[in-house]
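[1] return a 3D structure for these sequence lines:
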Amino acid sequence: MLLLYMGWLNHTEAVWTAESGWGYWFGIVGGSLMLMLLLYPMRKRLHFMNKWLTVKFWFRLHMVFGVLGPVLIMMHSSFHIGSLNGQVALYSMLFVAISGLFGRYFYTRIHYGLYGKKATFASLHADSAELNKKLGPLFELQPRAREMMKQYEKMVMEAPKGPIASAKHWFKMRLMSVRIYPTVMRALNKKLLAAGHRKNWNRAKVRRKQLRIRKMLLTHRSILRQILELHFYERLFAIWHLLHMPLFIMMVITGFVHVYAVHAY
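    All right, here's what the predicted structure looks like:
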């Protein structure tokens, strides 16, 4: 960001030019970094690269180069749009950079952070089942609440496959959770107050039990939302992959054409 800011402040001063000196080398290094983005997918897929450091290392490098490369190319251009081939190359690079930001966001939604391990349905289902077991005795007090939660969980698990249907499902389930969990919480609190009255619990004990129920329900909601988001963002990430690679190939081709045109004419 600092480099971009400095470049923008000086873009009218002609401190450097794209044809020579610093400006020229900004373009060479920036273009090379964009080409080196291929190292990460190559490391994942080519067997002879299996011993070339870890996939995580190349992924982190991919993230750094994906930011630094476009910054250097913008510095190279001095924020000016020149020849037609330069325009096409620059816009192709910008499309790839913007697409990469979307991909980065989708990636973080299906992993535990940017560099964390991938979330799995199996682990989330196991967490949900464990919590349902703890909530079981409470739901015995309120069968209607149990049925509501069971139906909601079933709907979350049955996510549609299409991107549009998946988006509709995601919004619908999020809206339903806003209504269902407070309703269940009120129903359980009502039964808990009645049980406390029968067993002569003091107010502090009732409050502790209410807070415990609230905490478990919030955890349950969080787990189901993770499952819901995993369904949704995995589909978006798959679609993004299909679109990102053609954009990258177009950027490489237009970049080579630009370099050739600059040096040949």
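
[2] element containing Thr219?
    Using DSSP states H and E, Thr219 maps to helix 203-264.

[3] tell me what that helix is packed against?
    helix 21-35, helix 84-109, helix 121-141, helix 143-157, helix 163-198 (3 or more Cβ pairs under 8 Å, 6 or more residues apart in numbering; DSSP states H and E). (C-beta placed from N, C-alpha, C; glycine too.)

[4] quick one: which of those helices is nearest His76?
    helix 21-35 (3.5 Å; Cβ to Cβ).

[5] got the CA coordinates for that closest one in PDB?
    Taking Å, rounded to 0.1, in the frame of the first residue of the first chain, the C-alpha atoms of helix 21-35 are listed here in PDB:
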ATOM      1  CA  GLY A  21      15.800   2.600 -15.200                       C
ATOM      2  CA  TRP A  22      13.700   1.800 -12.100                       C
ATOM      3  CA  GLY A  23      10.400   1.900 -14.100                       C
ATOM      4  CA  TYR A  24      11.700  -0.700 -16.500                       C
ATOM      5  CA  TRP A  25      12.900  -3.100 -13.800                       C
ATOM      6  CA  PHE A  26       9.600  -2.700 -11.900                       C
ATOM      7  CA  GLY A  27       7.900  -4.100 -14.900                       C
ATOM      8  CA  ILE A  28      10.500  -7.000 -15.300                       C
ATOM      9  CA  VAL A  29      10.300  -8.000 -11.600                       C
ATOM     10  CA  GLY A  30       6.600  -7.600 -11.400                       C
ATOM     11  CA  GLY A  31       5.900  -9.700 -14.500                       C
ATOM     12  CA  SER A  32       8.400 -12.300 -13.300                       C
ATOM     13  CA  LEU A  33       6.500 -12.500  -9.900                       C
ATOM     14  CA  MET A  34       3.200 -13.000 -11.800                       C
ATOM     15  CA  LEU A  35       4.700 -15.800 -13.800                       C
END
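
[6] quick one: buried residues of the helix or strand following it?
    Later in the chain than helix 21-35, the nearest helix or strand by DSSP H and E is helix 39-45. For helix 39-45, the neighbour count (16 or more other Cβ atoms under 10 Å) marks 39-40, 43 as buried.

[7] can you list the buried residues in stretch 57-68?
    Across stretch 57-68, burial judged by 16+ other Cβ under 10 Å covers 58-59, 61-63, 65-66.

[8] please apply the same query to stretch 130-142.
    Buried residues in stretch 130-142, defined by neighbour count with 16+ other Cβ under 10 Å: 131-132, 135, 138-139, 142.

[9] CA atoms only: put that stretch into PDB for me.
    Once non-C-alpha atoms are left out, stretch 130-142 reads as follows in PDB (Å, rounded to 0.1, in the frame of the first residue of the first chain):
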ATOM      1  CA  GLU A 130     -21.600 -34.300  20.400                       C
ATOM      2  CA  LEU A 131     -23.500 -31.100  21.200                       C
ATOM      3  CA  ASN A 132     -26.800 -32.600  20.400                       C
ATOM      4  CA  LYS A 133     -26.000 -35.300  22.900                       C
ATOM      5  CA  LYS A 134     -25.400 -32.700  25.600                       C
ATOM      6  CA  LEU A 135     -28.600 -30.900  24.700                       C
ATOM      7  CA  GLY A 136     -30.600 -34.100  24.700                       C
ATOM      8  CA  PRO A 137     -31.800 -34.000  28.300                       C
ATOM      9  CA  LEU A 138     -32.900 -30.400  27.900                       C
ATOM     10  CA  PHE A 139     -34.900 -31.200  24.800                       C
ATOM     11  CA  GLU A 140     -36.700 -33.900  26.800                       C
ATOM     12  CA  LEU A 141     -38.300 -31.000  28.700                       C
ATOM     13  CA  GLN A 142     -39.500 -29.400  25.400                       C
END
